[in-house]
Structures are given as C-alpha cells and as structure tokens.
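**Student:** Whatever this is, show me its structure:
(one chain, ligands or ions: 1)
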Amino acid sequence: MSDDEADPELLALLRQHLQGKLTLADEEPETGVLESAEYVYNNAIDVALDMRSCKNAAAGIYAQMCAKEYSPATWSAHELHPQTKDDSTVAFIFTMDLLNFSFWSEKPDAERFAVSYRDRRWTGYWSLVAALQRALDEGIPITDSHFWQDEEECTLDVLKHVFRSCTDEEMPLLKERLACLREAGTVLYEKYKCNPVNLLSAADGSAARLVNILARDFGCFRDEHRFDGRRKPIRILKRAQIFVADIWACFEGESHGEFRDIDKITMFADYRVPQMLNGMGCLAFSPPLDVAIRAKKDLPCGGSWEMQLRGCSIWCVELIRREIVRNHPEAKVNAILIDFFLYDTIKDIEAAGEESIPHHRTRSIWY
Ligand SMILES: Nc1nc2c(c(CN[C@H]3C=C[C@H](O)[C@@H]3O)cn2[C@@H]2O[C@H](COP(=O)(O)O)[C@@H](O)[C@H]2O)c(=O)[nH]1
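**Tutor:** Here you go, the predicted structure:
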C-alpha cells in the first residue's frame, strides 16, 4: 500500500463512526477541580506557595503517615464512624456529607456548640457525627430520605432536637441544613429510587463520575464559584469529593468503596487544612489577608480571598502529593489520605492549643 493510500480498516472504522454506529468508549470523566485549583494558584496574589516548605512538608508528612500507618482503614478507627459495611452505612455517610459544613464558633470552648454523646462532649465535625448516631439510637430515622421529605415529621424543631447542644449555642445554619436534606430527599425520590446506593451504581465505579453526578443533580453539592473574571466557574466540590472519599475509606476500596480512579479526588477545601498548610509554611498569605485571618474577620463566601485560600490549598496538597510519589514511587498515598492526615493533625494541634494562626472565617454550606 503506497503512503497516500489510507488503511482500509481505519477508513471502515471512520465511516462507522461518522454513521454514529461506533460509540467510542466513554472517555473517563474528570471533575475539573485540579484544573480549577491550578488556575486559582496561577492567578492568586494574596496566597502563595512556598516550594521549599512544600518539599520539606512532603518528607515530614510521608514519614508521619508511615509511622501512624495511615490507610483507608484509619477512617473506621474513629469510634464515632459507622462500623458496619452495608447500605445503611452508605446512607449514614451520605447524610453526614450533606451536612458536613460550618461548625466553627466564636464562643469560648466551654460555651461553644457541643453534642453530648456516649459520656463525651463532641465539637466541630465530630458533633455532627455524634448527633447523627444519637438520633439513630433514639429511633429518629435521620438517615432515611423518606423522612427528609416528610414536612410533618422532619421539621426544623425535630432537627433542632437532633442537633441539640449541651451548651446555649445552637448548631450553626440549621435552616440551611434542613434545606439540604429536603433537596436531597426530593432528588433521590425523583432520580435514584430514594436510595443513595443508586448514586454509586450510576457512577459505575468512577469516583470522578460520582462527583460530577452529585454536582449535576444536587444544588447543595454544587460548590462552584466565579473567580477573577473567568467565565468558566471554579470547581471546588468539597463535600461531593469528601463523600466519595469517605465511602472509599470506610469500605477500604472494596464493594461500595471500589473506584478505579479514586486518585482523581483532591484535597477537601475546608477551613482546617489551609490553617495547617500555613502553619507548616507551605501557604503564605499577603499582609492584608494575614491580618484579616488573625483578626478573625469574616471572609465573604465566594470572595477572592476565600477562593484563593481554597484553590491554593488544593494545589498545595497536589504538589506535596507529587513530591511524595517522586521520592517514594511505591507509596500508597493519595490526596485523600494526605488530607485526612492533615485534618487529624491540625485537630491535635488545636487540642494542644498550639495553632500558629486561627482558621479563616467564612460561614457557608460548602465546607
Ligand atoms: N479537608 C478536610 N476537612 C474535613 C475533614 C473532616 C473529618 N474527616 C474525618 C474522616 C477521615 C479523617 O481522618 C477525619 O477524621 C471534617 N472536615 C471539615 O473540616 C471542618 C470541620 O472542622 P472542625 O470544626 O475543626 O471539626 C468542616 O469544614 C468539615 O467539613 C477531613 O478529613 N478533611
């Protein structure tokens, strides 16, 4: 066959494709979060990454993760997380990550919102998990999407009871939490036979596809924002991603937790890990931003400062992950496990009263 004659087989394939008979295998989906994070990093002026500190942090993080044997199994080691591995656990984690936002308080520790459960006083993220477990113990079907839709049963007062505090401070954004449950109940009823397990089936083993399904079908998971005049929204998708990560970790990568592309999940842009990254010298703040954070000023949701904090944190953990993998090609480490480690570590630092800077203050349903 001379050079200018096309391969007959290729021609046949092309003809079939043009006739719509040949559907190329579904492109593996991307979430667009890492692309968004890199864009924010490249256009940030109030948040920067210190590469030397990122390299040093990578070595330290990897050493400590090895010493603590961080793995997906670490997730279930937390006494409040569900221990069974079945459909009810998927419903629990879905409920938890629908409401997994904004626990911070300006009150002193003794007066801040706290949940009393199993003879302990739980604050922050753990107050959410404790309140859900307590509700189930009390026979309230808080993880059942039929309950979320029942406006007679699932009222704001019932939610206030579920999340009742052992102090005078109420859980923040209770009305918004009820709205999240209502919306999720409706979407699950309309599209997923009322069962969050059907979301996993729709994702067909792809973590990225599951994140995209949550962002497409549930407004309360659509953590996307304008930044720096860019037409395409910046995708952060923190609670959609942490839902996938929690399922993956809880089921230790098997059954409901089996995702062939789990490493596409990024760090979860919350208000704790940026605090940790700054404390390690990896994230640097401009003087005005540094002053605002230390003064515990409100950073408006979707504002430039807040978007730079969230986007640069995602990119920072990605660079730390790449540095770890470059030095340890055999490492079973991804952005999820690095993130879980950083969150748990900043919580230990906070418990010891050794934070070097307060976490930033943005009140929102996104994180
Ligand atoms: N980036 C990131 N953000 C996380 C977590 C977790 C808990 N995950 C558990 C599961 C496995 C891990 O080992 C953890 O034990 C909660 N958060 C977020 O933090 C904020 C709560 O802060 P505070 O009020 O101080 O508790 C709030 O936005 C919440 O959504 C995480 O892991 N990563």
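**Student:** ok, stretch 130-148 near the ligand or not?
**Tutor:** No. Stretch 130-148 stays out of contact with the ligand when judged by C-beta under 6 Å from any ligand atom, the minimum separation being 11.5 Å. Where you see a C-beta, it was placed from the backbone N, CA and C, and this is true even at glycine.
**Student:** what's the neighbour count on the closest residue to the ligand within the stretch 51-200 of the chain?
**Tutor:** Proximity to the ligand, evaluated over the stretch 51-200 of the chain using C-beta to the nearest ligand atom, is greatest for Gly124 at 2.4 Å. Gly124 is surrounded by 16 other residues when neighbours are defined as other C-beta atoms under 10 Å.
**Student:** Over to the one 4 residues further on?
**Tutor:** By other C-beta under 10 Å, the residues close to Leu128 number 22.
**Student:** Quick check: nearest residue in space to it, chain neighbours excluded?
**Tutor:** Across the structure, with C-beta to C-beta, 6 or more residues apart in numbering as the measure, the residue nearest Leu128 apart from its sequence neighbours is Leu99 (5.9 Å).
**Student:** wait, that neighbour sits on Leu178?
**Tutor:** No. With contact defined as C-beta atoms under 8 Å, Leu99 does not count as touching Leu178 (9.7 Å).
**Student:** Neighbour count: these two, which is higher?
**Tutor:** A count of neighbours by other C-beta under 10 Å puts Leu99 above the other of Leu99 and Leu178, at 27 against 19.
**Student:** what's the pLDDT at the more buried one?
**Tutor:** The score at Leu99 is 98. That number is its pLDDT.
**Student:** C-terminal to the host helix or strand of Ala63, what's the next element?
**Tutor:** Here Ala63, judged by DSSP states H and E, is contained in helix 51-67. Using DSSP H and E, the helix or strand that follows helix 51-67 towards the C-terminus is helix 73-77.
**Student:** Tell me which other helices or strands that next one touches.
**Tutor:** For helix 73-77, the packing partners by 3 or more C-beta pairs under 8 Å, 6 or more residues apart in numbering; DSSP states H and E come out as helix 238-250, helix 335-351.
**Student:** Show me what the first one is packed against.
**Tutor:** Okay, so that is helix 238-250. Under the contact criterion of 3+ C-beta pairs under 8 Å, 6+ apart, helix 238-250 touches helix 73-77, helix 87-98, helix 207-217, helix 335-351.
**Student:** For Pro172, find the nearest of those helices.
**Tutor:** In terms of C-beta to C-beta, the element of those nearest to Pro172 is helix 87-98, at 15.2 Å.
**Student:** quick check, that closest one touching the ligand?
**Tutor:** No. Where contact is defined by C-beta under 6 Å from any ligand atom, no part of helix 87-98 touches the ligand; the two come within 8.2 Å at best.
**Student:** Buried ones in that helix, by neighbour count?
**Tutor:** Thr89, Val90, Ala91, Phe92, Ile93, Phe94, Thr95, Met96, Asp97, Leu98 (16 or more other C-beta atoms under 10 Å).
**Student:** Check which element follows it along the chain.
**Tutor:** strand 115-117.
**Student:** Can you name the residues of the chain sitting close to the ligand?
**Tutor:** 74-75, 78, 100-101, 103-104, 124-125, 268, 270-273, 339-340, 343-344, 367.
**Student:** quick one, helices of the stretch 201-350 of the chain?
**Tutor:** Using DSSP state H, counting those that start in this stretch, the helices assigned to the stretch 201-350 of the chain run over residues 207-217, 238-250, 273-279, 287-294, 304-327, 335-351.
**Student:** Any chance of those helices in CSV with mean pLDDT and mean neighbour count as columns?
**Tutor:** Converted to CSV, those look like this (pLDDT from 0 to 100; neighbours: other C-beta atoms under 10 Å):
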stretch, mean pLDDT, mean neighbour count
helix 207-217, 98, 21
helix 238-250, 98, 26
helix 273-279, 98, 25
helix 287-294, 98, 14
helix 304-327, 98, 23
helix 335-351, 97, 19
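**Student:** Now do the strands in the stretch 151-300 of the chain.
**Tutor:** When secondary structure is read from DSSP state E, counting those that start in this stretch, the stretch 151-300 of the chain shows strands at 224-225, 234-235, 283-285.
**Student:** I figured Phe218 hits Ala184, correct?
**Tutor:** Yes. If you go by C-beta under 8 Å, Phe218 and Ala184 touch, sitting 6.1 Å apart.
**Student:** Per-residue pLDDT of the closest residue to Leu159 other than its chain neighbours, please?
**Tutor:** Closest residue to Leu159 apart from its sequence neighbours, by C-beta to C-beta, 6+ apart: Leu178 at 5.2 Å. At Leu178, the predicted lDDT confidence score is 98.
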